[in-house]
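**Q** Structure for the following, please:
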Amino acid sequence: MADLFDTGAVTQVTPGGHRPLADRLRPKSLAEVIGQQKVLGPEAPLTMMLASGALSSLVFWGPPGVGKTTIARLLADETELHFVQISAIFSGVPELRKVFEAAKIRRQNGQGTLLFVDEIHRFNKAQQDGFLPHMEDGTILLVGATTENPSFELNAAVLSRAQVLVLERLSVAELELLAQRAEQELDRTLPLDGPAREALLEMADGDGRALFNLIEQVAAWKVDGKLGKAALGARLMRRAAQYDKGGDAHYNMISALHKSVRGSDPDAALYWFARMLEGGEDPRYLARRITRMAVEDIGLADPQAQAICLQSWETYERLGSPEGELALAQALAYLALAPKSNAAYVAYKGARRAAKETGSEPPPKHILNAPTALMKEQGYGAGYAYDHDAEDGFSGQNYFPDGMKRPVLYAPVERGYERELKKRLDYFAKLREKRGDQD
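**A** Here you go, the predicted model:
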């Protein structure tokens, strides 16, 4: 179901005029909406709200063309509220005041107002606060739409008074239902063979409005027979994938990339790497994050991993794009297949916590240097055991502040090179215990 399809539709120019296909196929009721079953299904939140007669303010969060505007309009129809639509891109404080004043008058006359705010995240925090008193006294029922994560973009006060509903990109099956609905409206079948039809649906990339725009273009062609996938590709440009380098897509994909590496899946890692590059991500940002993965998730299980990342980064800087990205891809594949350990990362975080808890406790005096007589008199360096002179080159002395219980911070895993480090750690632990028994 398209996002009621206020902009972006391709219109055929005819003497009598022509309504865009998206507008002609606007659903007349919530039952006609295709997709969004998690919001509109039999046991879904909106269905329950309408059944109980207790519709609350809402925030629709989802990508473009999935039905945010459509559902808001239909909610107003279902609840007999006056529908008002504004866009945060084109509206400011004066426009909001007019909307609120009109809603107050409408309320005095016995009718409520459903205020639909498109791109609500574009309003600043002060503007968002302006909605609160009108939401609380029932002047408006707010329905906001945003493509950005509401947790980051909307005031906590607004979120506390509204329920966030997540709308998802349309599946290929749901897009096919839209295409069939469009063919019924046009009273003709699209001139495409099976593979070409699938390619058309993929071009829409989960956006119902984009699909209707593409269908109008294809339906206008004068062709004999059916076009194949190659012919369709030559006539239509593939829609650019949705990717905002500063928004949710950016953080979602880098999370997917990082977790694919951590999960030892080189194919998935390379896929998300390619998705980010196709979206225009800066390869230098990816090089930095890839190096972080080596430090955080592989660590000393494979000490070579970090060096490989730095070498691939340097190779990219020398080669530039597009050749340099291959070096980063090779580093990614290596990381995905490397043994994994976050033992050093966990130890580092534990050390930071311990440092905060112990405040300004000084080191034990026996490991302090004593360059002056006064410092020697104060016991600096007294009793220090020079490890090279000790049996096995290990004195077993305490290096933590006096009175501090010795913590266990670094616990190497039984994977990769950390197997060897664990053997060493266990060896020194036994020697420390032995030295302690002798004291």
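
**Q** Only C-alpha atoms from now on, for both contacts and neighbour counts.
**A** Fine.

**Q** contacts for stretch 191-208?
**A** Applying C-alpha atoms under 8 Å, 6 or more residues apart in numbering, the external contacts of stretch 191-208 come out as 1-3, 63-66, 169-172, 175-176, 178, 210-211, 214, 218-219, 223, 225-230, 232, 238-239, 241.

**Q** Would you mark the buried spots in that stretch?
**A** By neighbour count, and taking 16 or more other C-alpha atoms under 10 Å as the criterion, the buried residues in stretch 191-208 are 191-192, 196-197, 199-208.

**Q** Could you find the lowest-pLDDT member of those residues?
**A** Between the buried residues of stretch 191-208, the one the model trusts least by pLDDT is Asp205, at 84.

**Q** what are the phi and psi angles of that one?
**A** The phi and psi values for Asp205, taken as degrees, to the nearest 10, are phi 60, psi 50.

**Q** do Gly280 as well
**A** For Gly280, the backbone dihedrals are phi 100, psi 20 (criterion: degrees, to the nearest 10).

**Q** Any idea how many residues pack against the closest residue to Leu337 other than its chain neighbours?
**A** Using C-alpha to C-alpha, 6 or more residues apart in numbering and skipping the chain neighbours, the partner closest in space to Leu337 is Ser264 (5.4 Å). Burial of Ser264 is recorded as 18 neighbouring residues (other C-alpha atoms under 10 Å).

**Q** Distance check, Ser264 against Phe273.
**A** With distances defined as C-alpha to C-alpha, to the nearest Å, the gap from Ser264 to Phe273 amounts to 14 Å.

**Q** can you give me the helices for the stretch 251-400 of the chain?
**A** Here the stretch 251-400 of the chain has its helices, by DSSP state H, counting those that start in this stretch, at 266-278, 283-293, 304-319, 324-337, 343-358, 373-377.

**Q** got the buried residues for the lengthiest helix in the chain?
**A** The helix of greatest length in the chain, counted in residues with DSSP state H as the criterion, is given as helix 418-438. In terms of neighbour count (16+ other C-alpha under 10 Å), helix 418-438 has its buried residues at 418, 421-422, 428, 431-432.

**Q** And for stretch 309-323?
**A** The neighbour-count criterion (16+ other C-alpha under 10 Å) identifies 309-310, 312-316 as the buried residues of stretch 309-323.

**Q** quick check, Ile71 in a helix?
**A** Yes - according to DSSP: H, G, I helix; E, B strand; the rest coil, the state of Ile71 is that of a helix.

**Q** how many other residues sit next to it?
**A** With neighbours defined by other C-alpha under 10 Å, the count for Ile71 comes to 25.

**Q** Let me know whether it touches Glu32 as I believe.
**A** No - taking contacts as C-alpha atoms under 8 Å, Ile71 lies outside contact range of Glu32: 10.5 Å.

**Q** follow-up on the earlier one: quick one: the longest helix of the chain to helix 343-358, angle?
**A** An angle of 40 degrees separates the directions of helix 418-438 and helix 343-358 when computed by axes from the mean of the first three to the mean of the last three C-alpha atoms, to 10 degrees.

**Q** from the chain's centre, how far out does helix 418-438 sit?
**A** Average the C-alpha atoms of helix 418-438, do the same for its chain, and the two points are 44 Å apart (C-alpha atoms, centre = their mean, to the nearest Å).

**Q** Use 20 as the first number from now on
**A** From this message on, residue numbering opens at 20, which makes the last subject helix 437-457.

**Q** Convert the C-alpha atoms of it to CSV, please.
**A** Only the C-alpha atoms of helix 437-457 are listed here, as CSV (Å, rounded to 0.1, in the frame of the first residue of the first chain):
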residue,chain,number,x,y,z
GLU,A,437,44.9,-17.2,23.0
ARG,A,438,45.2,-20.9,23.8
GLU,A,439,49.0,-20.2,24.1
LEU,A,440,48.3,-17.1,26.2
LYS,A,441,46.0,-19.0,28.5
LYS,A,442,48.8,-21.6,29.1
ARG,A,443,51.1,-18.8,30.0
LEU,A,444,48.6,-17.1,32.3
ASP,A,445,47.9,-20.4,34.1
TYR,A,446,51.6,-21.0,34.4
PHE,A,447,52.2,-17.7,36.1
ALA,A,448,49.2,-18.2,38.3
LYS,A,449,50.7,-21.4,39.6
LEU,A,450,54.1,-19.7,40.2
ARG,A,451,52.4,-16.9,42.0
GLU,A,452,50.6,-19.4,44.2
LYS,A,453,53.9,-21.2,44.8
ARG,A,454,55.7,-18.0,45.7
GLY,A,455,52.9,-17.1,48.1
ASP,A,456,53.2,-20.4,49.9
GLN,A,457,56.9,-19.8,50.4
